[in-house]
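Student: The following comprises the amino acid sequence and a computationally predicted model.
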Amino acid sequence: MAEPVITVENLGKRYRLAHQARHDTLRDTLTHGLIRRWRRRAASTSEDFWALRDVSFAVNRGEVVGIIGRNGAGKSTLLKILSRITEPTTGRITLRGRVASLLEVGTGFHPELSGRENIFLNGAILGMTRAEIRRKFDEIVAFAEVDRFLDTPVKHYSSGMYVRLAFSVAAHLEPEILIVDEVLAVGDAAFQKKCLGRMDAISRSGRTVLFVSHNLEALRSICQTGLLLEAGRVAAAGSIQDVVARYHRPQSELAADFPAGAKPSITRVEVDRARLEAGDLVVRVSYEATQPLRPAAGFILSTAEGRPLFGSNMRTHPPVQPPAESRRGTCTWEVPHLALHSGNYSLSAWLGDKSGDFDHKPEAVAFAFVSPRHYPGRPPIHTIGPVDLPCRWTSEPL
């Protein structure tokens, strides 16, 4: 049996997050005194955040693997470790072959140099010899379609021109392993199709491709296998069809509970099931604080692929009745006649007050929405970008 070209064993990446104590108001200063205020402001806390934990998988030669997951799942961190940009905290990886990676638009490009000069510079950074770059130079330029601007400094390039040239250099390196992040999203449809064809040709030549994208149709078209990350862990691995189906499955019920912390915290996020089945979106966020709080909550509604659609918060859409000051309470967000097509969606919630933010729960709940047949007064809104829908807020102290 052939040896895998990529082996990942118990991989983990930990970051240390520092939290500075919040600034006190004038009332706090007068109440507690200058000394206690200074002590609190000087105090800071930190916590460990595991972007990846206990990640293990293997990739065989010639496989095209689609890596999917919601925002913050750890996809980019994994690719940075595989590209040897950052070191893992635990575990080990084994790479058998030359690796080329395209993680950000124009990585390794010098803005003052021309496209011609950056081809040689970026190719050298990726490990190509000067003779190899010269031999493939015309192919790189033709693929990138930047021949008219070849001697123009790349600082004058559009983002599309940047990514075309960057991808072209990486793709013509002919590495044994090609790692591509979601940078292709900035290219136009014709170029994206061209890049997908190039990656398919690379895989058919016996080389390996790791491809991160929210474009699930593209993943289905060129990938044989898939890897689903959730909260830094491998949630599913196998055929791309099975992994995409698992990704579409709601990750939670319509409610999620969270432990209270030392600072004001979200303790529960809940979607009203009965109202959802009737075509309305009603979301409640419960909070708890050690000191009386005048809350300002917010929500963002996203597609299952993690693309934000719309959101609202109590600062920009204040409730008719201003929220009362309380240590515990519930803020409710209501969107009547939710004009979305049937599908899977997720909700992120945050909590703050007029002075700043305290807590954030990304993708706190996920739900399946079945579109009603008729929308009072308007057609359904396609889920292709940010929209603004009528909504209202209420707040109830406990």
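Tutor: Perfect, I can see it now. Numbering: from 1, shown residues only.

Student: for the stretch 151-300 of the chain, which spans come out with low pLDDT?
Tutor: 183-189, 248-253 (pLDDT under 70).

Student: same thing but at 90, please
Tutor: 154-209, 211-224, 230-233, 235-236, 239-263, 273-280, 290-293, 300 (pLDDT under 90).

Student: Check the secondary structure at Glu270 for me.
Tutor: Secondary structure for Glu270, judged by DSSP: H, G, I helix; E, B strand; the rest coil, is strand.

Student: right, and it touches Leu281 too?
Tutor: No - contact status for Glu270 versus Leu281: not in contact, 11.9 Å apart, counting by CB atoms under 8 Å. The way it works is simple: take the backbone N, C-alpha and C, and place the C-beta from them, glycine included.

Student: More neighbours: which of these two?
Tutor: Leu281 (23 against 20; other CB atoms under 10 Å).

Student: ok, what's across the strand from the more buried one?
Tutor: Beta bridges link Leu281 to Val335 when assigned by DSSP bridges.

Student: Might one say that it is in contact with Glu334?
Tutor: Yes - using CB under 8 Å, Leu281 is in contact with Glu334, at 7.2 Å.

Student: shared neighbours of those two, anything?
Tutor: By CB atoms under 8 Å, 6 or more residues apart in numbering, Leu281 and Glu334 have no common neighbours.

Student: pretty sure Gly97 contacts Leu178?
Tutor: No - using CB under 8 Å, Gly97 is not in contact with Leu178; the gap is 10.1 Å.

Student: And those two? Which one has more around it.
Tutor: Leu178 (25 against 12).

Student: Give the pairing partners of whichever strand or helix holds the more buried one; include direction for each.
Tutor: Assigned by DSSP states H and E, Leu178 belongs to strand 177-180. Using DSSP bridges, strand 177-180 pairs in its sheet with strand 99-102 (parallel), strand 208-212 (parallel).

Student: Quick check: beta-bridge partners of the closest residue to Asp257 other than its chain neighbours?
Tutor: Nearest non-adjacent residue to Asp257, counting by CB to CB, 6 or more residues apart in numbering: Arg268, 5.2 Å away. Judged by DSSP bridges, the bridge partners of Arg268 are Asp257, Ser286.

Student: quick one on the thing from earlier: could you export the strands paired with strand 177-180 to TSV, including columns for mean neighbour count?
Tutor: Listed next are those as TSV, based on neighbours: other CB atoms under 10 Å:
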stretch	mean neighbour count
strand 99-102	23
strand 208-212	24
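
Student: need these in JSON lines with distance to Phe369, can you?
Tutor: JSON lines is the format used below for these (distance: least, CB to CB, whole Å):
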{"stretch": "strand 99-102", "distance to Phe369": "35"}
{"stretch": "strand 208-212", "distance to Phe369": "26"}
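
Student: which ones are touching the closest residue to Ser265 other than its chain neighbours?
Tutor: Spatial nearest neighbour of Ser265, excluding adjacent residues (CB to CB, 6+ apart): Asp359 at 4.9 Å. By CB under 8 Å, 6+ apart, Asp359 lies in contact with Gly261, Lys263, Pro264, Ser265, Ile266, Tyr287, Trp350, Leu351, Gly352.

Student: if I've got this straight, Asp359 is in a strand?
Tutor: Yes - assessed by three-state DSSP, Asp359 belongs to a strand.

Student: Report the mean confidence score over whichever helix or strand Gly91 is part of.
Tutor: Element membership for Gly91 (DSSP H and E) is strand 90-95. Averaged across strand 90-95, pLDDT comes to 92.

Student: do the same with stretch 362-372
Tutor: Rounded mean pLDDT across stretch 362-372 is 79.

Student: For that stretch, buried residues please.
Tutor: Pro362, Glu363, Ala364, Val365, Ala366, Phe367, Phe369, Pro372 (16 or more other CB atoms under 10 Å).

Student: I'd like the residues you listed laid out as CSV, including distance to Arg53.
Tutor: As requested, the buried residues of stretch 362-372 are exported to CSV (distance: CB to CB, whole Å):
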residue, distance to Arg53
Pro362, 17
Glu363, 18
Ala364, 20
Val365, 23
Ala366, 21
Phe367, 26
Phe369, 31
Pro372, 41
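
Student: about what we covered before: overlap of the contact sets of Gly97 and Leu178?
Tutor: With CB under 8 Å, 6+ apart, Gly97 and Leu178 have common neighbours Arg207, Thr208.

Student: between the contacts of Asp359, which is nearest Thr152?
Tutor: Checking the contacts of Asp359 against Thr152 by CB to CB gives Trp350 as the nearest, at 43.2 Å.

Student: what residues are up against the residue nearest the centre of the chain?
Tutor: Closest residue to the average C-alpha location of the chain: Asn71 at 2.5 Å, with CA atoms, centre = their mean. By CB under 8 Å, 6+ apart, Asn71 lies in contact with Gly306, Pro362, Glu363.

Student: repeat that with 10 Å
Tutor: His214, Ser302, Glu305, Gly306, Arg307, Pro308, Ser346, Ser348, Pro362, Glu363 (CB atoms under 10 Å, 6 or more residues apart in numbering).

Student: swap in Ile300?
Tutor: Counting by CB under 10 Å, 6+ apart, Ile300 has contacts 308-313, 346-350, 362-363, 386.

Student: let's go with 6 Å and repeat that
Tutor: Pro308, Gly311, Ser348 (CB atoms under 6 Å, 6 or more residues apart in numbering).

Student: And Val146, by the same measure?
Tutor: If you count contacts by CB under 6 Å, 6+ apart, then Val146 has Gly115, Met161, Leu165 around it.

Student: my guess is the first one meets Asp147, correct?
Tutor: No - at 8.9 Å, Gly115 does not count as touching Asp147 under the criterion of CB atoms under 6 Å.

Student: Just want to know which of the two has more residues nearby.
Tutor: Comparing Gly115 with Asp147 by other CB under 10 Å, the one with more neighbours is Gly115, at 24 against 12.
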